[in-house]
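Let me see the structure of the following:
(2 chains)
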Amino acid sequence: MISRRTAISGGAALAGLTALIAKRVFADDLMLPRQKIALVAPPFVHPHEQSTTEGPKIMEFRLVTEEKEIVIDDDGTKLRSMNFNGSIPGPMMVVHEGDYVEVTLVNPATNTMPHNIDFHAATGALGGGDLTLISPGEQVVFRFKATRTGVFVYHCIPGGPMIPWHIASGMSGAIMVLPRDGLKDAAGKPLHYDRVYYIGESDFYVPRDRSGKFISYASHADAFFDTLDTMRRLVPSHVVFNGRVGALTGEHALKARVGETVLIVHSQADRDSRAHLIGGHGDYVWETGKFANPPETGIETWFIRAGSAAAALYTFLEPGIYPYVNHRMIEAVEFGATAHFKVEGPWNNDLMAQVKAPAPIPATDVTASIPGR
Amino acid sequence: MPRTWKIGLVVGTLPAVAAAMAMLGLGPPPIASGVQLPDLVALASGRFQYRPGGDFTRDGKPATAPIVAAITQPLEMMRHQVTVGEYSRCVDAGACRRGDGTSAADVPMVKISWWDAAAYAAWLSRSTGMAFRLPSDEEWVYAAGSRFGDAEGAPELDSRDPGRRALDRYERETAIRTRSDPEPQPVGHFGANEHGLLDIAGNVWEWTDSCFARGIIDARGEPSTVTVDCGVRVVEGRHRTYLTDFIRDARAGGCTAGLPPSNLGFRLVLDEDWRLRLRGLADRVRRALTGRSI
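Prediction:
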């Protein structure tokens, strides 16, 4: 904690600046209520209010860095991963504009490398990276004021080639800063969601041996050079949602009901993506992810810039399976970037119907269908 | 009385070894064929000013480490950084990782990790029967003498202003690091310092054996270490930096706070062992015989 005594001496050291600026620079001794948030693993998001009438709070979060070997596909390919709180992506944090985000970042002694965190939602000191670099066996507490609304990436930024390597090993997540009065459309009409899912897309670069097989390594240090070499070619071995191929399909598919409105937050810390809900749309899409801008409506595919998150609101109108993909389909199908929504409810025949079931083409139609006849 | 920061080694000079061994009827150390003893520079014991490496706090706030008085024991250090040619002999012996450079033999070996340097030290020690190792940060700073770039010597700023601290450090590092070509140059290109050591603080940074440390400064202004992280080692050159031990190329960029070293290389010092202790004895014998100090 920063004492009042230091604050006064700090003001004195800045003689010549106005008291107002000194006060702004060192705004501190927050007499605000505190709220401790228990984070949950994605695609789920901790309980939160979509709008609030309360004043700003200090929102406390705990993020524990982890270096761990994980399996990233059904073939058993192993990645020397790094993550926040044991999941890829790291958990999504939700606060409201004007809240203070107070993060305890932990680097357990079982890790081997320094880690830190850069919040794109924060202002100054590398988004916190400069104040949070900690060695194994250490922790640090830092705080920033959530001054901008939207969904933002956070990631590890430990310096040099460690930066892309840590990110491409899984060290990113997202924070959502909601307007205090909630989401709105371009006309200012309030928007609500019944569910929120957080999808974090990762590009992994697992090296291959001469025969083309993926290599597994005895340690992170052992994996570093080959991985960096693979990364430098910019062709991922895997592009996945939530840490592995199939993390959000099958028994882990995302659930919704017809008539429900779902907020999909999609982040990519390292590489561009093109989010598309097959069979559905984005009713309201904040493509750049920032709620101070009016959402676009009725979107087909939305672009997610490397180092950003997007938010899309959609009300499901038909039951069934909706693949949610990176619409560079090679990446969706061959590299893994596919999630599934399982939507229950009654079918609306007005929106779509199979007028005639598949059958042999009638002879008359065959003749008629040949070009040039 | 300022406390002594760290004690180094007791060693003499190489000619003294031969003299002592000859006098004691011992043969020279068993040096493997094809391995040459490196050119070593003897540094006398000395007292010097040293700013401990690592991150320090005072009253829980980031603070600049104070300069303390330090003493090293006599030390022998390689006159120049380990070259491509020297390193290749370790590679040929199967004891070192093959580098990917195509530089001439008389150019410092770069793209070296701390582990690569440690492997070379182990091989050279085995091959020569002497105990070579990386210098500690204190030893390096002492040996660098006037070439040491104290990028951390910022005036004590208000510790609640991380922006000013980052700017100050960046400006100092930029000033120390001239805009030279990062291409490694032949041995001697950057000249000798007052001890005769070549290319100290040229464009090749050098690994030390010192671990990254976090410490506190007490009410009397005395620094002390609280935790060490030996996955990160102190790297010295035009300015001091801290790198993960398996990094080979910090030049890869993106180092958003502070400037990365242009190249990573190393030079070794001789560690104390029973043979080296003989040198001290040889010195004393020689002094007794010649009636003068060396």
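
residues in the stretch 1-150 of chain B within reach of chain A, list them.
By C-beta under 8 Å from any C-beta of the partner chain, the residues of the stretch 1-150 of chain B that approach chain A are B:Asp59, B:Gly60, B:Lys61, B:Trp115. The way it works is simple: take the backbone N, C-alpha and C, and place the C-beta from them, glycine included.

quick one: which of those residues sit in strands?
Among the residues of the stretch 1-150 of chain B next to chain A, the ones falling in strands (DSSP state E) are B:Lys61.

Where neighbours are concerned, which of the residues of the stretch 1-150 of chain B next to chain A has the most?
Compared across the residues of the stretch 1-150 of chain B next to chain A, B:Trp115 has the highest neighbour count, 16 neighbours, by other C-beta atoms under 10 Å in any protein chain shown.

Any chance of JSON lines for the residues of the stretch 1-150 of chain B next to chain A, columns pLDDT and distance to A:Leu63?
Below are the residues of the stretch 1-150 of chain B next to chain A laid out as JSON lines (pLDDT from 0 to 100; distance: C-beta to C-beta, whole Å):
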{"residue": "B:Asp59", "pLDDT": "87", "distance to A:Leu63": "26"}
{"residue": "B:Gly60", "pLDDT": "82", "distance to A:Leu63": "21"}
{"residue": "B:Lys61", "pLDDT": "81", "distance to A:Leu63": "22"}
{"residue": "B:Trp115", "pLDDT": "96", "distance to A:Leu63": "30"}
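
Among the residues of the stretch 1-150 of chain B next to chain A, which one sits closest to B:Asp249?
Nearest to B:Asp249, judged by C-beta to C-beta, of those is B:Trp115 at 13.9 Å.

residues contacting that closest one?
By C-beta atoms under 8 Å, 6 or more residues apart in numbering or on different chains, B:Trp115 lies in contact with A:Ala221, B:Asp245, B:Phe246.

tally of neighbours for the closest residue to the last one other than its chain neighbours?
When the adjacent residues along the chain are set aside, B:Phe246 lies closest to A:Ala221, with 4.1 Å between them (C-beta to C-beta, 6 or more residues apart in numbering or on different chains). The burial metric for A:Ala221, expressed as a neighbour count using other C-beta under 10 Å, is 18.

Where do the helices of the stretch 51-200 of chain B begin and end?
When secondary structure is read from DSSP state H, counting those that start in this stretch, the stretch 51-200 of chain B shows helices at B:84-92, B:114-128, B:137-144, B:162-176.

no wait, the stretch 251-373 of chain A
Using DSSP H, counting those that start in this stretch, helices in the stretch 251-373 of chain A cover A:329-330, A:363-369.

weakest of the ones you listed in terms of mean pLDDT?
Lowest mean pLDDT within the helices of the stretch 251-373 of chain A: helix A:363-369, a mean of 69.

Can you tell me the SS state at the closest residue to chain A within chain B?
Taking C-beta to the nearest C-beta as the measure, chain B has B:Asp229 as its residue closest to chain A, at 3.4 Å. Three-state call for B:Asp229 (DSSP: H, G, I helix; E, B strand; the rest coil): strand.

What's opposite it in the beta bridge?
Listed by DSSP bridges, the beta-bridge partners for B:Asp229 are B:Phe212.

That one: neighbour count?
Here the number of neighbours of B:Asp229 (other C-beta under 10 Å) works out to 24.

Go ahead and confirm it touches A:Pro114.
Yes: at 6.9 Å, B:Asp229 and A:Pro114 qualify as touching, with contact defined as C-beta atoms under 8 Å.

what touches both of these two?
A:Ser135, A:Pro136, B:Phe212.

For A:Val64, grab phi and psi.
phi -110, psi 120 (degrees, to the nearest 10).

So for B:Asp249, what's the nearest residue that isn't a sequence neighbour?
B:Lys111 is the one closest to B:Asp249 (C-beta to C-beta, 6+ apart), at 5.4 Å.
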